[in-house]
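Colleague: A predicted structure for the sequence below; I have some questions about it.
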Amino acid sequence: MQIIIEYFQNHILESVAAFFGLLYLLLAARENYLCWISGMINVLIFAWIFYHEQIFANMFLQIIYFIISIYGFYAWVTKKKGHEAVITKMDASFRSLVVIMIISMTAVTYLILQQTSSNMLFADALTAAAGIMATWMQARKYIENWLIWIPTDMLLTYLFFSHGLYITASLFAIYTIIAIYAYFNWNRKLRKVSK
């Protein structure tokens, strides 16, 4: 137990980022707009950590998350007719477009990362691309965002564990479980509204 406490004390910044990240996802799963405020704090801290760990695509991703979080906050709190975000499903053509976007962004990011000292190029590029799309989808409350987050969080768990970011790896393992819960929770709410 003492070893765990010492680890948290020696990695205080990572611990704070993990706390706000966990709070973000728990609030998002419950459709609470305050998730976006917690998310903004989380991503700013992680951008700093990833810069120092040379996980450059995911560092840049944190900046994009910050921008999307501002949009998400607006979309979730607005009550203007036609602008409010409500849980919906994408149609098949839109899902196909999301897959094409993830593949394209992964390829471009991979090519860019080849010019850096980034570790684990493909995993870094893929998780960054999937994360951008899933966060935007979450801001619009497309239920499929959770189906992207589940495998992405699993891959990020491995990526961060391999970098010795054990708190962050644990956080993303928890994210995976919460994303599974959130998918079923949002799906239940969607079915209730559809009746």
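Modeller: Yes, it's here. Residues are numbered from 1 along each chain as shown.
Colleague: Go ahead and confirm residue 187 touches residue 143.
Modeller: Yes - contact criterion C-beta atoms under 8 Å: residue 187 and residue 143 qualify, at 6.2 Å. Heads up, the C-betas are built off the backbone N, CA and C, glycines and all.
Colleague: who's more crowded, these two?
Modeller: The neighbour count for residue 187 versus residue 143, taken as other C-beta atoms under 10 Å, is higher for residue 143 (19 against 14).
Colleague: Check whether that one really touches residue 89, as I assumed.
Modeller: Yes - at 5.6 Å, residue 143 counts as touching residue 89 under the criterion of C-beta under 8 Å.
Colleague: Identify the contacts common to those two.
Modeller: Shared contacts of residue 143 and residue 89 (C-beta atoms under 8 Å, 6 or more residues apart in numbering): residue 190.
Colleague: which residue packs closest to the residue positioned nearest the centre of the chain, ignoring adjacent ones?
Modeller: Residue closest to the mean C-alpha point of the chain, counted by C-alpha atoms, centre = their mean, is residue 131 at 5.2 Å. Distance criterion C-beta to C-beta, 6 or more residues apart in numbering; nearest residue to residue 131, sequence neighbours excluded, is residue 61 at 5.3 Å.
Colleague: Next, the contact list for the one you found, please.
Modeller: Residue 61 neighbours (C-beta under 8 Å, 6+ apart): 127-128, 131-132.
Colleague: hang on, the residue nearest to the centre of the chain packs against residue 65?
Modeller: Yes - with contact defined as C-beta under 8 Å, residue 131 counts as touching residue 65 (7.2 Å).
Colleague: For the two, list the residues in contact with both.
Modeller: Joint contacts of residue 131 and residue 65 (C-beta under 8 Å, 6+ apart) do not exist.
Colleague: May I see the buried residues of whichever helix in the chain runs longest?
Modeller: Secondary structure of the chain per DSSP state H: the longest helix is helix 166-194. In terms of neighbour count (16 or more other C-beta atoms under 10 Å), helix 166-194 has its buried residues at 167-169, 171-176, 178-180, 182-183, 185-186.
Colleague: with those residues in mind, which one is nearest to residue 48?
Modeller: Here the nearest of those to residue 48, counting by C-beta to C-beta, is residue 168; it sits at 12.5 Å.
Colleague: Grab the nearest non-local neighbour of that closest one.
Modeller: residue 160 (4.3 Å).
Colleague: Much appreciated, bye for now.
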